[in-house]
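Student: below: sequence and its predicted model.
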Amino acid sequence: MVLVFVEHDGERPAELSLQALAFGRRIAGLLGGPVHAAVLGSGATSVAGHLAAHGVALAHVAEDERLDVFAPDAWARALADLVESSEPRVVLAAGTERGNEVLARLAARTDLPMAANCIEAESRDAFMVTRQRWGGSLLEVARIGGSPALLTVAPHVVPAEELAAPDGIEVVPWAVVLDEQDLRVRVTGVVPRVADSVALAEAKVVVGGGRGVGSAEGFRVIEELAALLGGAVGCSRAVTSAGWRSHEDQVGQTGTRIAPEIYIACGVSGASQHMVGCRGAKRILAINTDREAPIVAQADYAVVADLHQVVPAISAAVRAMRGG
């Protein structure tokens, strides 16, 4: 059995967890056996109802309000107890900040090795995985010892695909035993996303800005185009370091990894760490005055010009096409 830890917002599973389920189905096909899911917190039963379409035969749900907020030790302890009772051969999570941290703590509790950012798996004389290292610039083939194998799935390398004819799903309540020590580290407050904004990691269109934007005020033209296209605003690390945008907007190795249909990179030089974050984009349009910028060489399309002239012109063209 393959057990997948599913993150959610209280109503629907996270997109990256659905990608982890698709990866889990591949492993289940190799090893022979079903895919189970572990869902924590209020709304877990409702979330489980969406998982049959993604190949989950059984969902373990813990409707415990103490697990509504991120508490890594509590989440890891809950998973450790479930792993002990259900004896999966593989435990998976999405390669998010939370997924990686929870599985690392699970590995510490169970004294098992963990492999992060996996992109492939195979079963020969031993269970083998291919995983990304050094921000995706190196692929490592590793043999996983111990059982179960603990793996996280690299974001946006496996598409989330629904089954054409899914079977039913069994939902099993799961009682979690915790103490105060497990809840010492937890999220105590959340700043809600601006209403109607699009999550950067899930956006189909991302308009990003780099040092070439010039200032925090310069991002107004970026925000305008992103809003017209129904997309999200991203930025480079140089921008967050300058204090022009918050870290949650950062695209890159130490920021968010994106996989939009198109990434419009404005005034972004294209450092290797940034390119790691946008590697999953289907198309990249670079707008830059420097024709020698690394991103220009790697983009599908490039406009060598001043972004402060080009971006407003694109926005005006979009409005004209819409009759606005």
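Tutor: Nice, thanks for sending it over.

Student: for the stretch 151-300 of the chain, which segments count as strands?
Tutor: 170-173, 205-209, 232-235, 262-266, 284-288 (DSSP state E, counting those that start in this stretch).

Student: who does the first one touch, helix- and strand-wise?
Tutor: Meaning strand 170-173. With contacts taken as 3 or more CB pairs under 8 Å, 6 or more residues apart in numbering; DSSP states H and E, strand 170-173 sits against strand 56-62. Using the backbone N, CA and C atoms, a C-beta is placed for each residue, glycine as well.

Student: remind me which residues of this protein are low pLDDT?
Tutor: 125, 193-196, 324 (pLDDT under 70).

Student: export the strands of the stretch 151-300 of the chain to a markdown table and append columns for mean neighbour count and distance to residue 22.
Tutor: A markdown table is the format used below for the strands of the stretch 151-300 of the chain (neighbours: other CB atoms under 10 Å; distance: least, CB to CB, whole Å):
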| stretch | mean neighbour count | distance to residue 22 |
| --- | --- | --- |
| strand 170-173 | 14 | 20 |
| strand 205-209 | 29 | 22 |
| strand 232-235 | 28 | 23 |
| strand 262-266 | 27 | 23 |
| strand 284-288 | 25 | 25 |
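
Student: and of these, who's closest to residue 246?
Tutor: Comparing these against residue 246 with CB to CB, the closest turns out to be strand 232-235 (8.9 Å).

Student: wait, residue 318 sits on residue 229?
Tutor: Yes: with contacts counted by CB atoms under 8 Å, residue 318 reaches residue 229, the gap being 7.0 Å.

Student: more neighbours: which of the two?
Tutor: The neighbour count for residue 318 versus residue 229, taken as other CB atoms under 10 Å, is higher for residue 229 (20 against 14).

Student: list the contacts for the more buried one?
Tutor: 205, 207, 318 (CB atoms under 8 Å, 6 or more residues apart in numbering).

Student: buried residues in the longest helix along the chain, which are they?
Tutor: If you go by DSSP state H, the chain has its longest helix at helix 15-31. For helix 15-31, the buried set under the neighbour-count rule, 16 or more other CB atoms under 10 Å, comprises 15-25, 27-28.

Student: got the contact list for the following helix or strand past it?
Tutor: Using DSSP states H and E, the helix or strand that follows helix 15-31 in sequence is strand 35-40. Residues outside strand 35-40 that contact it (CB under 8 Å, 6+ apart) are 1-6, 8, 13, 21, 24-25, 28, 45, 47-48, 51, 55-62, 64, 67, 75, 78-79, 82, 86, 88, 174, 176.

Student: got the CA positions of stretch 123-141 in PDB?
Tutor: Only the C-alpha atoms of stretch 123-141 are listed here, as PDB (Å, rounded to 0.1, in the frame of the first residue of the first chain):
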ATOM      1  CA  SER A 123      11.400  -1.300  -8.500                       C
ATOM      2  CA  ARG A 124      14.200  -3.700  -9.400                       C
ATOM      3  CA  ASP A 125      16.300  -5.600  -6.900                       C
ATOM      4  CA  ALA A 126      15.700  -2.600  -4.700                       C
ATOM      5  CA  PHE A 127      13.300   0.400  -4.600                       C
ATOM      6  CA  MET A 128      15.000   3.200  -6.500                       C
ATOM      7  CA  VAL A 129      14.100   6.900  -7.000                       C
ATOM      8  CA  THR A 130      15.400   9.700  -9.100                       C
ATOM      9  CA  ARG A 131      15.300  13.000  -7.400                       C
ATOM     10  CA  GLN A 132      16.300  16.600  -8.000                       C
ATOM     11  CA  ARG A 133      19.400  18.000  -6.200                       C
ATOM     12  CA  TRP A 134      21.000  21.400  -6.200                       C
ATOM     13  CA  GLY A 135      17.800  23.200  -7.200                       C
ATOM     14  CA  GLY A 136      17.200  20.800 -10.100                       C
ATOM     15  CA  SER A 137      20.600  21.200 -11.800                       C
ATOM     16  CA  LEU A 138      21.500  17.600 -10.800                       C
ATOM     17  CA  LEU A 139      19.500  14.400 -10.900                       C
ATOM     18  CA  GLU A 140      20.400  11.700  -8.400                       C
ATOM     19  CA  VAL A 141      19.400   8.000  -8.600                       C
END
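
Student: pull out the buried positions in that stretch.
Tutor: Under 16+ other CB under 10 Å, the buried positions of stretch 123-141 are 127-132, 135-136.

Student: among those, which two are most distant?
Tutor: Pairwise over the buried residues of stretch 123-141, using CB to CB, the maximum falls at 127 and 135, 24.9 Å.

Student: what's the single longest strand in this structure?
Tutor: strand 114-123 (DSSP state E).

Student: give the pairing partners of that one; include direction for each.
Tutor: Next to strand 114-123 in the sheet, as set by DSSP bridges, lie strand 127-133 (antiparallel), strand 149-153 (parallel).

Student: contacts only, for residue 81.
Tutor: 176-177.

Student: what is the three-state secondary structure of it?
Tutor: helix (DSSP: H, G, I helix; E, B strand; the rest coil).

Student: mind checking how far it is from residue 142?
Tutor: 27 Å (CB to CB, to the nearest Å).
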